[in-house]
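Student: please find the sequence and the predicted model below.
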Amino acid sequence: MESYYSDESEYPGTVGVVVAAGHLQAEPQDPKTGSLYIYTPPAGLVTSFCLCANVEEVSRGNSTTETCAMGTGVTGPYYCRKGQQE
């Protein structure tokens, strides 16, 4: 995502755009279930993003939802990352 941002000055609207641009070989998938990771860009000009994966152990997650509901001391079923440009 960050290399795409570096080239385009915005985050992509979908992970497929990153694959098409050659920044990823394929959309990331959960190795256990094969499900695609959850990517949530905001509407409009995409200057941030949230990428989440569902974790097997709730105590290892850092978000209660797949929309980056993170905070100090928060645990939950998702591990999420936000864009570094925020």
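Tutor: Yes, it's here. A quick note: this is a predicted structure, and the numbers were derived from the prediction, not measured.

Student: only alpha carbons, please: show stretch 13-25 as CSV.
Tutor: The C-alpha coordinates for stretch 13-25 follow below in CSV (Å, rounded to 0.1, in the frame of the first residue of the first chain):
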residue,chain,number,x,y,z
GLY,A,13,-9.7,2.1,-3.8
THR,A,14,-9.3,-1.7,-3.9
VAL,A,15,-6.5,-4.2,-3.4
GLY,A,16,-7.0,-5.3,-7.0
VAL,A,17,-5.7,-1.9,-8.2
VAL,A,18,-2.5,-2.5,-6.3
VAL,A,19,-2.1,-6.0,-7.9
ALA,A,20,-2.8,-4.5,-11.4
ALA,A,21,-0.2,-1.8,-10.8
GLY,A,22,2.4,-4.5,-10.0
HIS,A,23,2.9,-3.6,-6.3
LEU,A,24,1.5,-7.0,-5.2
GLN,A,25,1.5,-10.4,-7.0
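
Student: and that stretch, which residues are buried?
Tutor: Buried residues in stretch 13-25, defined by neighbour count with 16 or more other Cβ atoms under 10 Å: 15, 17-18, 23-24. Using the backbone N, CA and C atoms, a C-beta is placed for each residue, glycine as well.

Student: break down the protein into its strands, ranges please.
Tutor: Applying DSSP state E to the chain gives strands spanning 38-40, 50-54, 78-82.

Student: got the residue ranges for the helices in this structure?
Tutor: With DSSP state H as the criterion, the chain has helices at 2-8, 15-20.
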